[in-house]
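predicted model follows, preceded by the sequence.
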Amino acid sequence: MKISLIQTSPQKDRDENLRVTRELMLSAVKSDRPDLIVLPEYFAWYGKNVEEKLAMAEPTSGGPAYQMAQEFAKEHGVYVHAGTIIEKVEGENRVYNTSFVFDREGREVAAYRKIHLFDIIAPDGTAHKESETVKPGQDIVTYDIDGLKVGCAICYDIRFFELFLQLQRAGCDVIVLPAAFTLQTGKDHWEVLARARAIETQTYFVACGSTGVSTEGNEKYHFYGHSLVCDPWGHTVARASDGVGFVTARIDAAQIRRVRGLIPMTQHRRLTCA
């Protein structure tokens, strides 16, 4: 199985974001013929303003970003893990940050709503308060593709091993994590955490990040990019360059079996967590 990671720089022009994203997806299909395409977090629109975010939120199905990903999957016979889409929550002044996944016929096969929200203070003192505009999800979500089970996570989730232990127990072979990792945290933590998650779950870990700069008023938010794929041994087997583009990796089921045979962690685990 081949997976292509699309690395974009989302801004506040949704139509342009979708156009650029679709062009990169088409380039990946033409050159690499992937089975699964992964988009980054907030690929259709990125912004911090509460009113704008609520206005850009899409219904659970049928919005512009949802429709683009769904139609592309059907047109090109490829699975699309549609990064994250801002999903409207009826009766709430917050949204869900949701990954929708479509199969080769364009059918929705998974919807994962981000569980862990990015409420931190960056090293430069910038405060990030995702929970002010985003409602957390609570469900563990997986889907199947070509005999492999794929688990879902999003961005800040990468820091919480409990989620990945549950995905490992669910039998996942691949874990996909769309992200918009900040440059300040990404340069120190992105690859370290991705490799750790791959090693501890003995899965292929697919981390697809946004790149570039987004401006909000007088503030600029820099994203780390460096979309990558780690194999079950913890090797980084594919990595995108700086800037907008894509990278493709081959998923080898035999490597998953080999690693689990060498170090049978599921048989050795003695402790559990709630």
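Perfect, I can see it now.

ok, now which ones touch the spatially most central residue of the chain?
Taking Cα atoms, centre = their mean, the centroid of the chain lies closest to residue 178, which sits 1.4 Å from it. Listed by Cβ atoms under 8 Å, 6 or more residues apart in numbering, the contact partners of residue 178 are 38-41, 43, 81, 83-84, 99, 154-155, 208-209. Just so you know, the C-beta spots here come from the backbone N, C-alpha and C atoms, and that holds for glycine as well.

tell me the pLDDT of the closest residue to residue 247 other than its chain neighbours.
Spatially, and ignoring its direct neighbours in sequence, residue 247 is nearest to residue 240 (4.2 Å; Cβ to Cβ, 6 or more residues apart in numbering). With respect to pLDDT, residue 240 scores 97.

residue 240 and residue 210 touch, don't they?
No - applying Cβ atoms under 8 Å, one finds residue 240 not in contact with residue 210, separated by 11.1 Å.

out of these two, which sits in the more crowded spot?
The neighbour count for residue 240 versus residue 210, taken as other Cβ atoms under 10 Å, is higher for residue 210 (28 against 21).

the more buried one and residue 264, how far apart?
Per Cβ to Cβ, to the nearest Å, residue 210 is found 37 Å from residue 264.

count the neighbours of residue 185 for me.
As a burial measure, residue 185 scores 18 neighbours (other Cβ under 10 Å).

ugh, typo on my part, it should be residue 264
Residue 264 sits with 11 neighbouring residues when counted by other Cβ under 10 Å.

try the one 3 residues further on
Burial of residue 267 is recorded as 7 neighbouring residues (other Cβ under 10 Å).

do the same with the one 5 residues further on
Counted with other Cβ under 10 Å, residues neighbouring residue 272 total 7.

and it, which of the three is it?
Three-state call for residue 272 (DSSP: H, G, I helix; E, B strand; the rest coil): coil.

got a quick PyMOL command for the buried subset of the contacts of residue 178?
In PyMOL, the members of these classed as buried (16 or more other Cβ atoms under 10 Å) are selected with the following command:
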select buried, resi 38+39+40+41+43+81+83+84+99+154+155+208+209
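
of the contacts of residue 178, which is the nearest to residue 223?
Closest approach to residue 223 among the contacts of residue 178 (Cβ to Cβ): residue 209, at 6.7 Å.
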